[in-house]
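Visitor: what follows is a predicted protein model with its sequence.
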Amino acid sequence: MAQINILFGSQTGNAQNLANVIGESLSSAGFDSSVRDMGSVDPESIHDMDYVIIVTSTYGDGEPPDNASEWASYLKFNDELELSHVNYAVLGLGDNYYPHFCQCGKDFDEYLSRSGGNPMVPRLDCDLYYEEQYPEWLSELIKVLKNKLKE
């Protein structure tokens, strides 16, 4: 079975915690998943990934968290990327009080789509109470993954 790579960009730990919860849910559903800090993964390794889930917060004035900045730059500024083999999902965390609500998640979604990536489910932009918002998205993602990874 293909590995599902769950990558998190987190400044305060919320995205990391949610990425771990998603990883546990996928493992419980029978998937081979790996949760990793974006700062510890070379962005070029995306060429070896077929399934990517990005869970990221937004920092400052719409920027990626420190540990996601290298990935954001790689995907944004590499116009030659060919990622049609990548099936992806993006979950952004933010606070709708700020003008650039979930901007980092929106950016990752745009960069992956522009490079030919295939969104498995629509991006989810979560506000402060993300615990109430992500379960339906995750349930839909698990359904899609089960269909894509049928043996």
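Guide: Everything's here; your move.

Visitor: my read is that D125 contacts D107, right?
Guide: No. Using C-beta atoms under 8 Å, D125 is not in contact with D107, being 11.8 Å away. Backbone N, C-alpha and C define where each C-beta goes, glycine included.

Visitor: top helix in this protein by residue count?
Guide: The longest helix of the chain (DSSP state H) is helix 130-148.

Visitor: quick one: end-to-end length of stretch 89-106, please.
Guide: The first and final residues of stretch 89-106 sit 11 Å from each other (C-alpha to C-alpha, to the nearest Å).

Visitor: stretch 91-99 too?
Guide: 18 Å.

Visitor: for the spatially most central residue of the chain, what are phi and psi?
Guide: Relative to the mean C-alpha position of the chain, the nearest C-alpha, by C-alpha atoms, centre = their mean, is the one of I54, at 1.0 Å. Note on I54: its backbone torsions stand at phi -110, psi 130 [degrees, to the nearest 10].

Visitor: nearest spatial neighbour of V55, skipping sequence neighbours?
Guide: A19 (4.2 Å; C-beta to C-beta, 6 or more residues apart in numbering).
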